[in-house]
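Peer 1: everything below, folded, please.
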Amino acid sequence: MPVELNHTIVAAHDQYVSARFLADLLGLQVGPPDGPFTPVVVANGVTLDYYDRALDDSELGPEITPQHYAFQVTDEEFDAILARIRAGNLPYWADPHHRTPGEIRTRGRSRAAYFEDPNGHNMEILTPS
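Peer 2: Here you go, the predicted structure:
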């Protein structure tokens, strides 16, 4: 069997708000709670399992280390997502370091844009090259 990514856990301050934020922007659904997680499933079957970091009773506490999540989308999906980002007055950038605000990156036929979720995770949408 080939190795495939099945799911990843996404730390959140409020898992429901964070899952809804991503699902709404990407045009996806929030799944029913699965144990302590709130899932968002993408087209290739990978699940982003949102988890309230405050529920973690480890010595690490409620701090969230921002991560990067990239979503490959069609040109039409890119346009629709970017329109929702703009309609929500959300900041976005053409680069992962957020040095080029309000622009998208273009390389050949590929486009990309970066935005932050409510927890500071760096989200990217990109089209195939």
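Peer 1: please make it C-alpha for all contacts and neighbour counts, starting now.
Peer 2: Will do.
Peer 1: confirm L82 sits in a helix?
Peer 2: Yes. Looking at L82 with DSSP: H, G, I helix; E, B strand; the rest coil, it is inside a helix.
Peer 1: confidence score at it?
Peer 2: We have a pLDDT of 98 for L82.
Peer 1: ok, which stretches of the protein are strands?
Peer 2: Counting by DSSP state E, the segments of the chain that form strands are 7-12, 38-41, 47-52, 68-72, 105-107, 110-116, 122-126.
Peer 1: ok, the fifth one: who's next to it in the sheet?
Peer 2: In this case it means strand 105-107. strand 110-116 (antiparallel) (DSSP bridges).
Peer 1: chain center to the strand it pairs with: distance?
Peer 2: On the basis of Cα atoms, centre = their mean, to the nearest Å, the separation between the geometric centre of strand 110-116 and that of its chain is 11 Å.
Peer 1: just checking, P32 touches P39?
Peer 2: Yes. Counting by Cα atoms under 8 Å, P32 does reach P39; the two are 7.0 Å apart.
Peer 1: between the two, tell me which one has more neighbours.
Peer 2: Using other Cα atoms under 10 Å, the more surrounded residue of P32 and P39 is P39, with 27 against 10.
Peer 1: excluding its backbone neighbours, what's nearest that one?
Peer 2: Excluding its sequence neighbours, the residue lying closest to P39 (Cα to Cα, 6 or more residues apart in numbering) is D49, at 4.4 Å.
Peer 1: list the contacts for the one you found?
Peer 2: By Cα atoms under 8 Å, 6 or more residues apart in numbering, the residues touching D49 are 7-10, 37-40.
Peer 1: whichever of those end up buried, select them in ChimeraX.
Peer 2: Listed next is the ChimeraX selection for buried residues among those, using 16 or more other Cα atoms under 10 Å:
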select :10,37,38,39,40
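Peer 1: could you measure from D75 over to R109?
Peer 2: Going from D75 to R109 by Cα to Cα, to the nearest Å gives 9 Å.
Peer 1: please say which of the two ends up with more neighbours.
Peer 2: D75 (15 against 9).
Peer 1: check contacts around the more buried one.
Peer 2: D75 touches T127, counting by Cα under 8 Å, 6+ apart.
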